[in-house]
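Q: quick one, what's the 3D model for this:
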Amino acid sequence: MTTFSPPPAAQPLKPRDVQVSEIGLDTLVLRSRTWERLKFEIEYARQRGTTANTYLIQGRETALIDPPGESFTDLFLDELQHYEYYQRINYIILSHVNSNRVATLKRLLQVAPYATVVCSKPGAIALRAAFAEDSLNLQSVREDEAIELGIESGESQLRVIRDEATLDLGNGHELQFRFVPTPRHPDALCLYDPASQILYTDKLFGAHVCGDGVFDERWKTLSDDRRYYFDCLHAAQAAQVDAALDKLEGFPAKLYAPGHGPLVRHSISRLTLDYRDWCRQQQTQELTVALLYTSAYGNTGTMAQAIAHGLTQAGVAVQTLNCEFTSPEAITQSITTCDGFIIGSPTLAGHAPTQIQTALGIILSTAAKTKLAGVFGSYGWSGEAVDLIAAKLEDAGYTFGFEPLRIKFKPTETILQDCERIGSEFAQALRRTKKVRLPRHVAADPQVDRTTQAVGRVTGSLCVITAQWQGTNLGFLTSWVSQASFNPPGLTIAVAKEREAEFLAHPGEQFVLNILKEGRNLRRHFLKPQMPGDDRFAGLDTTTASNQCLILTEALAYLECTVGDRMDCGDHWLVYATVNSGKVLETSGITAVNRRKSGNQY
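A: The predicted structure is shown next:
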């Protein structure tokens, strides 16, 4: 076995490498690593690097699980050649299919020409389309049969795996499969190996973070990255993720092997409970939007993910439904219970696909006219579908939360940012049209004190206070800010006594109040406590104010302030400060607001 390690800390990190480690009986992980900033997912923008985890099991037969994307193809194949049996790989298992992974698969099948590719039926359909692009023949997919893939050797086979099927590699490695589809990955599979008690979870339980640790020994330091990963990838499909967790519950796993980030050994129970709790939080938000779409070439789906991210960042629950894989009954249920709906469609031969026409018919016959609506889509040569859907909804009397959006071909990063903004604006419009009410899960709990519920309805702008203390730049998140005076312009800030409040203790001290924008992720960055020696602002774009405190350039606006006085208020200090100067950094943005369910927590 060959093990790779990153270069010493004093040397520049290599942008990419492959780290290999033994993780269980007859089992290796090959971690294709990068420390570079990559946009791994549609809305994922953290500068933490990542690992693409591939797994190799050697029983009597050899299985390779999830080859990495094409940016790692050469490195990965070079590393694989260190193993004498790499040309005798019997199975290549794809937990999900995407174009990135297919690029590596085609190269891999050239060096392992007798391998059988294993995936779900939706995955096989996607593979057939991908191989057809290269004028390679992939015969019709039939479940539980070996199908010729049609690459140059003509020997490789495709096996379509059913839910709860097994694959016996020998030596006790009888892999057990579970089909766990989500709107983002309708072909998703997880698998369990009883010999090693490893559960291969693909997109579940991962994190986009790169480091030397193969396992999660320091799992507490991963909490923020794991939550950020969940919010970006899974928040808009929480119901389907919750259902997937139910299907995986019976496996006695000692290790979770995700597609990205450290392997989960030391925090299995904690992370599983966190996923359950995060799913519950999403499904019990005060407002819910049904986001229905189909996607011919992935472009409409990409837009849907960005809009969903904008909605979830604005505190609205999203029920994402890929109509190609969703029953009419499930669509009806979602439309009946939602507060608003958004429908996305490509244009095929001048019309919306059949699945979208069915969904539109359900909406027109089921959804109350008081529900807020939205329409978007992508197109190649014409965009009639979006206009036709919008016209029918307008004729039926629905109000729109944003102007119908049509994008030609693949959406750019700027377009995707606009989609996130549209999601946030739709959430704000939805709040304006709905009466304020208690969240469902709070209203149903008779033990929750009604006074704290009422106090929780007091909202405040989300802000980050930045200051200097003994030569160190400090920053913390607050939402307890209020204007206190006109002349001089002044404000009050309540700061918990156990938090970083000492640098606001004395009159004359300087700080900057950075007012955050709805839909951006600065909030998560400052939720994590600052540890001694840590650079609180690593990876953030900043500039320096005239009072020498940092300005967050991604903020909506900032105010340079001077402490005037401080008052003891129980478990908080109330700080009064005067405003010396300030600037709006983004005129079209919306102030981020913290909406609480209880007066006993932030």
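
Q: make sure Glu518 is actually in contact with Ser588.
A: No - the criterion here is CB atoms under 8 Å, and Glu518 misses it with Ser588 at 11.3 Å. (Glycine included, C-beta is placed from N, CA and C.)

Q: higher neighbour count, these two?
A: More neighbours surround Glu518 than the other of Glu518 and Ser588, with 20 against 9 (other CB atoms under 10 Å).

Q: how's the chain carved up into domains?
A: The chain breaks down into these domains under automatic domain parsing: 16-280, 285-433, 455-594.

Q: report all helices and strands that the helix or strand hosting Thr466 contacts.
A: Assessed by DSSP states H and E, Thr466 sits inside strand 463-469. In terms of contacts (3 or more CB pairs under 8 Å, 6 or more residues apart in numbering; DSSP states H and E), strand 463-469 is packed against strand 472-478, strand 510-515, strand 550-552.

Q: now do the longest helix anywhere in the chain: which elements does it pack against?
A: What stands out as the longest helix in the chain, according to DSSP state H, is helix 413-433. On a contact count with 3+ CB pairs under 8 Å, 6+ apart, helix 413-433 meets strand 288-293, helix 299-313, strand 340-344, strand 372-379, strand 405-408.

Q: how about the shortest one: buried residues?
A: By neighbour count with 16 or more other CB atoms under 10 Å, strand 405-408 contains the buried residues 405-407.

Q: adding pLDDT and distance to Val264, write the residues you listed out as JSON lines.
A: Output for those, formatted as JSON lines (pLDDT from 0 to 100; distance: CB to CB, whole Å):
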{"residue": "Leu405", "pLDDT": "88", "distance to Val264": "39"}
{"residue": "Arg406", "pLDDT": "86", "distance to Val264": "42"}
{"residue": "Ile407", "pLDDT": "88", "distance to Val264": "38"}
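
Q: which one of those residues is nearest Asn580?
A: Leu405 (41.2 Å; CB to CB).

Q: bridging residues for that closest one?
A: Taking DSSP bridges, one obtains Phe376 as the residues bridged to Leu405.

Q: from memory Ala130 sits against Asn98, does it?
A: No - Ala130 is not in contact with Asn98 according to CB under 8 Å; the separation is 9.0 Å.

Q: who has more neighbours, those two?
A: A side-by-side neighbour count of Ala130 and Asn98, using other CB under 10 Å, places Ala130 first with 19 against 15.

Q: what's the helix or strand for that one?
A: Using DSSP H and E, Ala130 sits in helix 121-132.

Q: let me see the mean pLDDT of that helix.
A: When pLDDT is averaged along helix 121-132, the result is 83.

Q: setting the sequence-adjacent residues aside, check what's closest to Ala496.
A: Using CB to CB, 6 or more residues apart in numbering and skipping the chain neighbours, the partner closest in space to Ala496 is His572 (5.6 Å).

Q: so that neighbour bridges to which residues?
A: Under the criterion used here (DSSP bridges), His572 is bridged to Ala496, Cys569.

Q: just to revisit the earlier point, sort out which residues of the helix holding Ala130 are buried, please.
A: Of the residues in helix 121-132, those buried under the neighbour-count criterion (16+ other CB under 10 Å) are 121-128, 130-131.

Q: just checking, what packs against that helix?
A: Helix 121-132 sits against helix 99-111, strand 157-160, with contacts defined as 3+ CB pairs under 8 Å, 6+ apart.

Q: and it, how far out from the chain middle?
A: Centroid separation for helix 121-132 versus its chain: 25 Å, with CA atoms, centre = their mean, to the nearest Å.

Q: cheers, nothing more for now.
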